[in-house]
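*Asks:* Structure of the sequence below:
(2 chains)
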Amino acid sequence: MLILKDIKLLLKDKYAVLSLIFILIFQMILIYYTSTNTLMKIYLNSPEGVYIFLSKIMIIIFTLVFLSNFLQTINQFTKEKENFLFARSTTSGVKKFIKSKVLLTNLTLVLITQPFYWTFVLLNRFQDSIEMRFLFYCSFVLLFTTMSITVFSSYFVLDNSFHYNGFILGVKKLLALTFISGISLMVAIITIILPIIYIYGTAYSIKYYDLSNITYVSVFSVYFIILISSRYCLNKVSNKIESTEV
Amino acid sequence: MIKIRNLNKIYKQFGDFSIKCAELDISKGDIIGIYGGVGSGKTLLTKILSGIHKKYDGQIEYGMVSLESYQKKLLSYIPSTNVLYDGLTLNDHIKFLASEFKINNNEINAKISWFDQYFKINSDLRRKIFSFSTGELQFIKLFLSLLHSPSILIIDELFTGLGSGDIDIIKSIFTVLSEREVTIIFTSSHLQYIKELTIKENLHIKDGSLDT
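*Replies:* Alright, predicted model coming up:
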C-alpha cells in the first residue's frame, strides 16, 4: 500500500510530526479560549458578531492550511531520490507514487481543518445564528481550497525543483512558491470567501435569510475549474517525470 | 532468454554519447559480468536493459516478448546509488515491496531465512536504512531485489563497498540463483572480481560499445 509507506515516512520525520502537533495544540487553545471567554460569548450573541467571527476563523484555518501544505508537500517529495528511481523499479510506477503523496497531504490537511472548523461551529452554536446550508458551504469552500492548494503546490515543487537526488526546492523557487500560493490564497479569501460571508451577514441583518443558488453554483464552479486545472498540471508534470531518463 | 539486436541509444545530454550493442544472446541462469572504466556507459546500459530508459533503437527481447511488455514482476534492477528511504526500516521496505508485488508472509519469511544464511538480516529488520554501511546496503538491496523472485536480475556496480570476503558470499548466492534459472547481469570496474563470479562470459564495454 503506497499510502501506508507515505504515512510511515511522515510519522518518522520528527519535524513534520512536531509541526502537526504544534498546529493541533494551537487549535485546541483557540477552541478552549473562545468557548470559555465570557466577552467572546457576549460578542457572539449578535448575528453580525457571529459572521465577523466566522470570517476570522476562516482566515486562521486558511493560514493553517497554507503552512501545513508547505510543510507536507516539501516533506513528502524530498524523500524521493533520483527522479523516483525506486518507484520506477516497482509495479506502481511514478504516477501512483505522486498521487499517493498528494492524497496523503490532502488527507492530513482535511483532518487538520475540518474537525477544527466544525468544533468551532458546534461549540459556539453558530447554527443558531447561521443556516446550516451556509455553514456547509464554508466547509466545502475550505475543502476545495485545501485540495487545490495541495495539488498546485505539488505540481510546482515537482516542476521546479532540482530532482536528481530528492526534490529539493532552491531558495528562489521556494520564495516563488510562497509568493504564488500566498497571493492565490489572499485572492481567494478576499474575492470569494469574505465578501460572501459579509453579504450573507448584511443580508441576514436586513432579513434576507439565504444566498441565491446561483451564488453557490458559481463559487463551486470556480473552485471546480481551479481544481481541475491544478490536476491537469500535476498529471502533465507526472508524465514528464516518468519519461525523464535519469 | 535475452536477445539484443542492433541496440543503439544516443544520449544528447551527455554530448551525444551512445550505447551500442550489435548482437547478444544470454541464456537462462547465465551470470554475465560487464566491465569497463569510468564513463564507459555501464550504468546507462543497465538502465536500458532494466527498462528504466525506454526509448532506444534496435531490439531487446526477454524470452519471446519485447522489453516494453516484459513485466516488472519478472525483472529486478539494483542501481549503484541508494534509492531506498533513509528514514524507513528494512522491515518497512519488506512490507511495502510485499504489498507491491503481492508476496505472502510465508514466502517473505522463507526468503529472510534463506538470505540469513549468507548475510545476517534477521536481526537488522528494525534498523533504518541510513544506519547501514555501504557494503551492508549492497546486501540489503540484493535481498530486497530478490523478494519477488525475479527471473532476471540486473545489478549496477555490484562491488561498491564490498570486501574480498563478501565476494565469496555473493558467489554462493549467485550460484543458488543460477541453479534456479535466474539470469544475472552485473557491472563493475574490477575485472578480477568479475572473473570470480561469472559463469558464462565477461563482456567489455568501452565508450558505450559493448564487445560481445
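*Asks:* Buried residues, the host helix or strand of residue A:55. List them.
*Replies:* Here residue A:55, judged by DSSP states H and E, is contained in helix A:47-77. Neighbour counts over helix A:47-77 (16 or more other CB atoms under 10 Å in any protein chain shown) mark A:50-55, A:57-58, A:60-62, A:64-66, A:68-77 as buried. All C-beta spots, glycine's among them, are computed from the backbone N, C-alpha and C.
*Asks:* Quickly note the distance from the closest residue to residue A:43 other than its chain neighbours to residue A:172.
*Replies:* Nearest non-adjacent residue to residue A:43, counting by CB to CB, 6 or more residues apart in numbering or on different chains: residue A:49, 4.6 Å away. Distance of residue A:49 to residue A:172, given as CB to CB, to the nearest Å: 44 Å.
*Asks:* All the strands of chain B, residue numbers only.
*Replies:* With strands called from DSSP state E, chain B shows them at B:2-11, B:17-26, B:31-35, B:57-62, B:65-66, B:75-78, B:152-155, B:183-188, B:202-206, B:209-211.
*Asks:* Can you give the distance of stretch B:101-112 from its chain's centre?
*Replies:* 20 Å (CA atoms, centre = their mean, to the nearest Å).
*Asks:* Rounded mean pLDDT for that stretch, please.
*Replies:* The average pLDDT within stretch B:101-112 is 94.
*Asks:* Output it as CSV - backbone C-alpha positions only.
*Replies:* Only the C-alpha atoms of stretch B:101-112 are listed here, as CSV (Å, rounded to 0.1, in the frame of the first residue of the first chain):
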residue,chain,number,x,y,z
PHE,B,101,4.4,-7.5,-5.6
LYS,B,102,1.7,-9.3,-3.7
ILE,B,103,4.0,-11.7,-1.8
ASN,B,104,2.6,-13.5,1.2
ASN,B,105,4.1,-13.7,4.7
ASN,B,106,5.2,-17.3,4.4
GLU,B,107,7.1,-16.5,1.3
ILE,B,108,8.7,-13.5,2.9
ASN,B,109,9.8,-15.5,6.0
ALA,B,110,11.2,-18.2,3.8
LYS,B,111,13.2,-15.6,1.8
ILE,B,112,14.5,-14.0,5.0
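*Asks:* just to revisit the earlier point, does the helix or strand that the helix holding residue A:55 is followed by come close to chain B?
*Replies:* Going down the chain from helix A:47-77, the next helix or strand is helix A:85-88, by DSSP H and E. Yes - using CB under 8 Å from any CB of the partner chain, helix A:85-88 reaches chain B at A:85-86, A:88.
*Asks:* The biggest helix by length in chain B versus strand B:31-35: what angle between them?
*Replies:* Counting by DSSP state H, the longest helix found in chain B is helix B:164-179. Put simply, helix B:164-179 runs at 130 degrees to strand B:31-35, going by axes from the mean of the first three to the mean of the last three CA atoms, to 10 degrees.
*Asks:* Helix B:164-179 packs against which elements?
*Replies:* Applying 3 or more CB pairs under 8 Å, 6 or more residues apart in numbering or on different chains; DSSP states H and E, we find helix B:164-179 packed against helix B:134-146, strand B:183-188, helix B:191-197.
*Asks:* give me that answer again for 7 Å
*Replies:* strand B:183-188, helix B:191-197 (3 or more CB pairs under 7 Å, 6 or more residues apart in numbering or on different chains; DSSP states H and E).
*Asks:* Quick one: these as JSON lines, columns for distance to chain A, mean pLDDT and mean neighbour count too.
*Replies:* Supplementary listing: the helices and strands packed on helix B:164-179 in JSON lines, determined by distance: least, CB to the nearest CB, whole Å; pLDDT from 0 to 100; neighbours: other CB atoms under 10 Å in any protein chain shown:
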{"stretch": "strand B:183-188", "distance to chain A": "15", "mean pLDDT": "92", "mean neighbour count": "24"}
{"stretch": "helix B:191-197", "distance to chain A": "22", "mean pLDDT": "82", "mean neighbour count": "16"}
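*Asks:* Make JSON lines from those and add distance to residue A:238 to it.
*Replies:* Converted to JSON lines, the helices and strands packed on helix B:164-179 look like this (distance: least, CB to CB, whole Å):
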{"stretch": "strand B:183-188", "distance to residue A:238": "30"}
{"stretch": "helix B:191-197", "distance to residue A:238": "38"}
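*Asks:* how about the residues of chain A near chain B?
*Replies:* A:1, A:5, A:8-9, A:12-13, A:79, A:81-82, A:85-86, A:88-92, A:245 (CB under 7 Å from any CB of the partner chain).
*Asks:* With residue B:44 as the reference, measure out to the nearest residue to residue B:46 once chain neighbours are set aside.
*Replies:* With CB to CB, 6+ apart as the criterion, residue B:46 has its nearest non-adjacent residue at 4.4 Å, and that residue is residue B:156. From residue B:156 across to residue B:44, the span is 10 Å (CB to CB).
*Asks:* And residue B:181, what's its pLDDT?
*Replies:* pLDDT recorded at residue B:181 is 91.
*Asks:* can you check residue A:200 too?
*Replies:* Value for residue A:200, per-residue pLDDT: 64.
*Asks:* try the one 3 residues further on
*Replies:* Residue A:203 carries a pLDDT score of 58 in this model.
*Asks:* can you check residue B:10 too?
*Replies:* The model's pLDDT for residue B:10 equals 90.
*Asks:* any idea how far it lies from residue B:17?
*Replies:* Taking CB to CB, one finds residue B:10 at 8 Å from residue B:17.
*Asks:* what's the answer for residue A:136, then?
*Replies:* Residue A:136 is 60 Å from residue B:17, by CB to CB.
*Asks:* between the two, which one's more packed in?
*Replies:* More neighbours surround residue B:17 than the other of residue A:136 and residue B:17, with 15 against 12 (other CB atoms under 10 Å in any protein chain shown).
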